[in-house]
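In: coordinates only, sequence not included:
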């Protein structure tokens, strides 16, 4: 029986064989140590801060430590290479460090005074009666250091959700500071070390674990922020079949950025030439996404995350189209739709000749993604199943997509994969350069295992789906390659169940055998009746 921590660990890093377990022993040990430290902080602050809000404090503190150490390592490495072996930026007077501010902001995107580094603030924290004010000042200085530089938008407001004066931390300044000291010490004691000395991406791993830990307990609100790692991997692998590199990756509803960063894990950072792009309407989630980028060692010049309404105010009009688009947009949310007469002329929506219903924006996200997609690109979008069969405007948009041969594949997923919802979602894969005029339908409803309260896709499940997708092959009860005529003949219904016959798992009955058994039972019954009649006759005599 898996405990909670083990189950979450299995979800993020499933092992398939004993051999893999032996190979990854060091990684598992490092992760176990890291996750125990996170749990320890959670236990320490339990009752003070609600679960889902608590992540802001831990992630904010981790981010503060990360950029402090990142800056120190960068400066110290340069000095050591120059022959100054004993140099330590953390011990440098603030006045002397100021001389390097301009150059460091240009190179790193930010600057931190030695006295305001994580290690120094932590060292003095227990004796700092104004620790809350100190941290507030340090965070403000970090954000202000990027003003006027290319990194300004990447750092602005990053610490907004880190409220050092919140009553959630304590009813008095002294109590709040006590919690802040424990938080600094907890994060400071995490074995995050020098990234080069780790088998895992320690900061990034901690982020994913923390997000998973709290999303699993936050219900719907958690699901809005986080796409499970297994689903993220499936989407990314679907979008990168046959590719060793891409120009850039985009998510129009990027949440905390987990989908964007999965491309980096699968392809490698150097294989994403021009970086990570996304848009998010929720300010808290927007901040989480930017922190996530930094914690995964993505430089400020390699990502562009915008905080705006994607459907009404898209922020990447002028950018080169995206070779990979992956997204899990919100299901069936309201939007302006036909209440805004200008939207029908929007080049993203106009080609379909109709707008997505104002009560259901799902197809608006589909059309937006298609418009942003490169001619050689792939978009893999998690969809609410209703958009595949509903009539009205959604049917007309499906007709446009199919008639223009944009729908490459539709995959029906198992139920209960996402935090906060038990519905069986599906994936629409779109391309602009298909080699045929057919649509592949895959029924993956049984491709999962149950872990804690949710279903999960194992590596074997993901491999099977991706393999069939790549080969575009027929598999009985699993995949069907439908012609244009077949799809149009079904009124552009894109439900997988319309095209893939479900396997009949009912027990098959041999009628001949059954009749023989019935005949035998009847004969036996008659024999028993005859025996009973004999007994009764003997009694009556």
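Out: Arrived safely. None of the values given here were measured: they were computed from a predicted structure. Numbering: from 1, shown residues only.
In: Does the residue nearest to the spatial centre of the chain fall in a helix, a strand, or a coil region?
Out: Nearest to the geometric centre of the chain sits residue 227, at 3.1 Å (C-alpha atoms, centre = their mean). Taking DSSP: H, G, I helix; E, B strand; the rest coil as the rule, one finds residue 227 in the coil state.
In: my guess is it contacts residue 261, does it?
Out: No. Counting by C-beta atoms under 8 Å, residue 227 does not reach residue 261; the two are 10.8 Å apart. Yep, even glycine has a C-beta here, placed from its N, CA and C like the rest.
In: Give me the buried stretch members for stretch 366-375, please.
Out: For stretch 366-375, a neighbour-count test (16 or more other C-beta atoms under 10 Å) marks 366-374 as buried.
In: cool, stretch 160-168 as well?
Out: Here stretch 160-168 shows 161-164, 166, 168 as buried, counting by 16+ other C-beta under 10 Å.
In: Over to stretch 470-486?
Out: By 16+ other C-beta under 10 Å, the buried positions in stretch 470-486 come out as 472, 478-482.
In: Pick out the most distant pair among those.
Out: Largest separation among the buried residues of stretch 470-486 by C-beta to C-beta: 478 and 482, giving 13.9 Å.
In: any chance you could map the strands in the stretch 201-350 of the chain?
Out: Applying DSSP state E, counting those that start in this stretch to the stretch 201-350 of the chain gives strands spanning 249-251, 276-279, 303-306, 322-327.
In: Comparing the ones you listed, which comes out most buried?
Out: strand 249-251 (a mean of 30; mean count of other C-beta atoms under 10 Å).
In: Show residues contacting it.
Out: 257, 259-260, 263, 272, 276-279, 316, 322-327, 372 (C-beta atoms under 8 Å, 6 or more residues apart in numbering).
In: swap in stretch 56-68?
Out: 38, 41, 45, 49, 110, 112, 117-119, 138-139, 142, 158-159, 161-162, 169, 183-184, 186-188, 190, 192, 203, 206-207, 210, 284, 288, 291, 294-295.
In: go on, stretch 175-191?
Out: 30, 33-34, 37-38, 40-41, 44-45, 48, 57-58, 61-62, 65, 118-119, 121-122, 125-126, 128-132, 135, 164-166, 169-170, 202, 206.
In: Restricted to helices, list those.
Out: Per DSSP state H, helices hold the following members of those: 30, 33-34, 37-38, 40-41, 44-45, 57-58, 61-62, 65, 118-119, 121-122, 125, 131-132, 135, 202, 206.
In: Got a quick PyMOL command for the buried subset of those?
Out: For the buried members of the ones in helices among the contacts of stretch 175-191, the matching PyMOL selection, counting by 16+ other C-beta under 10 Å, is:
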select buried, resi 30+34+37+38+41+45+57+58+61+62+65+118+121+122+125+131+132+135+202+206
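In: how about residue 281, phi and psi?
Out: Backbone torsions for residue 281, taken as degrees, to the nearest 10, come to phi -80, psi -30.
In: How about it, nearest residue that isn't a chain neighbour?
Out: In space, and not counting its chain neighbours, residue 281 is closest to residue 309: 5.2 Å by C-beta to C-beta, 6 or more residues apart in numbering.
In: same thing with residue 274?
Out: With C-beta to C-beta, 6+ apart, the residue lying closest to residue 274 is residue 248, at 4.2 Å.
In: doesn't residue 267 make contact with the one you found?
Out: No. When contacts are counted by C-beta under 8 Å, residue 248 is not listed as touching residue 267 (11.3 Å).
In: how about low-confidence regions in the stretch 401-541 of the chain?
Out: 419-420, 504-508, 540-541 (pLDDT under 70).
In: how about the helices of it, start to end?
Out: For the stretch 401-541 of the chain, the helices defined by DSSP state H, counting those that start in this stretch cover 459-471, 484-489, 496-499, 511-540.
In: ditto for the stretch 201-350 of the chain
Out: With helices called from DSSP H, counting those that start in this stretch, the stretch 201-350 of the chain shows them at 202-215, 219-225, 229-239, 258-267, 283-295.
In: and these, which one is worst for confidence?
Out: Lowest mean pLDDT within these: helix 219-225, at a mean of 45.
In: In PyMOL, select just the buried ones from the contacts of stretch 56-68.
Out: Here is the PyMOL selection string for the buried members of the contacts of stretch 56-68, based on 16+ other C-beta under 10 Å:
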select buried, resi 38+41+45+49+110+112+117+118+138+139+142+158+159+161+162+169+183+184+186+187+188+190+192+203+206+207+210+288+291+294+295
